[in-house]
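Asks: Sharing a model that was predicted from the sequence below.
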Amino acid sequence: MKYPYTNPCYLKIDLFCRGMKIDPGCDLDNDARPVRRTRAGLGSGLEIIIPPNLHTNVPLEESFVSTTPYTLHKENGKYVIRRDGVLITSVELPRRPHWYDQSTTSGKQMSRIAVMQGTYLAVYPGRICHFWTTTPRTSCHFCSTGLNVGAIEAREKTVDDVLETVAAARRENNITYVHFNTGYMLGEELDFLEPFVRAVKKKTNLMVGVQTTPAPDLSKYKKLARLGVNNVSFCFELWDKEQLAEVCPGKSADIGQDRYLEAIRYCRRLFPAVNGEIIAGLEPVENTLEAIRWITKAGAQPTVCVFRPCVGTDYEDKLPPDADALIPVFREQYEACIRNGVPIGIAPNIKVSLVVLPEEGRYLSTDKSSAFKIKETRNQAVKTVFRAYFNLQLSLKK
Ligand code: SF4
């Protein structure tokens, strides 16, 4: 089945895969968030909001964009997307936060401390991932972290830098979630992040997520859970171990997929939410589906990135996947969560622009059975209770 471009989830996936050109009548300098290439590279595009509320980071600069049928236009003061000239939808562009141009007390520009991705604040406080420093380099071939840290992002970020930036983003953007991410730091990741996490939790009570390679000593996650971390996520990237070794030589050799899966199982008992993160488009769809089924059976949420051959990375000349081939992936991402009782979409105001959220896959779902509907209703009930609880917690630390 071919999905219409008016299906918002399909459009989000197709924009990830095809990118978008910018009509000269657009005024992105004044109307949009600046394009900030951050972290492993997925954030290299323009942030837009597809109705009803799908935050989407659309590639602009990668070479495959030259053949895209999509163009962003500004018409009568509003932004629209056209496909081969035909109007598809209006879109909103989130504004550049004023705090991007403010400085922390130590004199660093706040946009070099953290960035908005969708509706949450993303912080990469650590040094460059170890795999970018080995000889020969063993970094993941799709990754651009080593091109960003020190260039686009500040190399040193103190706890105070991060706290001040979080406060500014909270004031202006009403964030509810701060996401910390590091590369491989030879097993020191959690110790390194602890003061940042502790400070943000203590001062704000915002939801906090941590994404690192699995700690060598899994019992360290107990401490993180005691600090109130809401979510941990583990990027094992590919399901097929041989392909993992080819795409991520350092990660495969020094850590290995089994360690990631063990960490997901272990952390599931400790945290409200655990994510297993994979990339669609670098291995056959069947493998990605298998990974989704494993993750959801373990009680975790699958985060599925669409492979983006970012400029400057080892894979910049590869092609992104085809959107139609990915439909079963994102349908399964949603349906497997519901089938296995994995709560999705429960946290308030977390819209992720870099990936298709599991709940956004609802637009692709074909399961109309009453058993499935009952499970969807159950997820809705969990969401209502959790939101009330979180809003209460937040109100105590305003
Ligand atoms: S582990 Fe791989 S994807 Fe993550 S920062 Fe290092 S090189 Fe990049």
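Replies: Done, it's in.

Asks: contacting residues around whatever residue of the stretch 251-398 of the chain ends up closest to the ligand?
Replies: Nearest residue of the stretch 251-398 of the chain to the ligand: K251, at 5.1 Å (Cβ to the nearest ligand atom). The way it works is simple: take the backbone N, C-alpha and C, and place the C-beta from them, glycine included. Residues in contact with K251 (Cβ atoms under 8 Å, 6 or more residues apart in numbering) are 131, 140, 184, 213, 236-237, 244.

Asks: Next: E262.
Replies: 214, 218.

Asks: Which residues of the stretch 251-398 of the chain lie near the ligand?
Replies: Listed as neighbours of the ligand in the stretch 251-398 of the chain under the rule Cβ under 6 Å from any ligand atom: K251.

Asks: Below-threshold pLDDT in the stretch 251-398 of the chain: ranges please.
Replies: Counting by pLDDT under 70, the low-confidence segments of the stretch 251-398 of the chain come to 396-398.

Asks: And the strands in the stretch 151-300 of the chain?
Replies: 177-181, 207-211, 231-237, 273-280 (DSSP state E, counting those that start in this stretch).

Asks: Flag every residue of the stretch 51-200 of the chain that's near the ligand.
Replies: Proximity of the stretch 51-200 of the chain to the ligand (Cβ under 6 Å from any ligand atom) is limited to residues 129, 131-132, 139-140, 143, 145, 183-184.

Asks: Out of these, list just those in helices.
Replies: T145 (DSSP state H).

Asks: all helices of the stretch 251-398 of the chain, in order?
Replies: 257-268, 285-297, 323-339, 370-395 (DSSP state H, counting those that start in this stretch).

Asks: so of these, which one's packed in deepest?
Replies: Greatest average neighbour count among these goes to helix 323-339 (a mean of 22), per mean count of other Cβ atoms under 10 Å.

Asks: what helices or strands is it leaning on?
Replies: In this structure, helix 323-339 makes packing contacts with helix 8-18, helix 285-297, strand 301-306, helix 370-395, judged by 3 or more Cβ pairs under 8 Å, 6 or more residues apart in numbering; DSSP states H and E.

Asks: mind redoing it with 10 Å?
Replies: Using 3 or more Cβ pairs under 10 Å, 6 or more residues apart in numbering; DSSP states H and E, the elements in contact with helix 323-339 are helix 8-18, strand 273-280, helix 285-297, strand 301-306, helix 370-395.

Asks: Which one, of those, ends up nearest to N340?
Replies: helix 285-297 (4.3 Å; Cβ to Cβ).

Asks: Quick one: the strands of the stretch 151-300 of the chain as JSON lines, columns for mean neighbour count too.
Replies: Shown next, in JSON lines, are the strands of the stretch 151-300 of the chain (neighbours: other Cβ atoms under 10 Å):
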{"stretch": "strand 177-181", "mean neighbour count": "23"}
{"stretch": "strand 207-211", "mean neighbour count": "24"}
{"stretch": "strand 231-237", "mean neighbour count": "24"}
{"stretch": "strand 273-280", "mean neighbour count": "24"}
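
Asks: what's the first-to-last distance across stretch 226-244?
Replies: Distance between the boundary residues of stretch 226-244 (Cα to Cα, to the nearest Å) amounts to 33 Å.

Asks: re the thing from before, and the helices and strands packed on helix 323-339: which comes nearest R112?
Replies: Using Cβ to Cβ, the helices and strands packed on helix 323-339 put strand 301-306 closest to R112, at 23.8 Å.

Asks: how far off helix 323-339 does the closest one point, in degrees?
Replies: 170 degrees (axes from the mean of the first three to the mean of the last three Cα atoms, to 10 degrees).

Asks: Listing partners with orientation, what would you give for strand 301-306?
Replies: When sheet partners are counted by DSSP bridges, strand 301-306 sits next to strand 273-280 (parallel).

Asks: any idea how far the strand it pairs with is from the chain center?
Replies: 9 Å (Cα atoms, centre = their mean, to the nearest Å).

Asks: What angle do helix 257-268 and that strand make with each other?
Replies: 150 degrees.

Asks: Just the CA atoms of strand 273-280, as CSV, please.
Replies: Presented in CSV, the C-alpha positions along strand 273-280 are these (Å, rounded to 0.1, in the frame of the first residue of the first chain):
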residue,chain,number,x,y,z
ALA,A,273,11.4,4.0,30.8
VAL,A,274,14.3,2.3,29.0
ASN,A,275,15.0,2.7,25.3
GLY,A,276,16.9,0.5,22.8
GLU,A,277,18.0,2.6,19.9
ILE,A,278,18.6,1.3,16.4
ILE,A,279,19.1,2.6,12.9
ALA,A,280,16.8,1.7,10.0
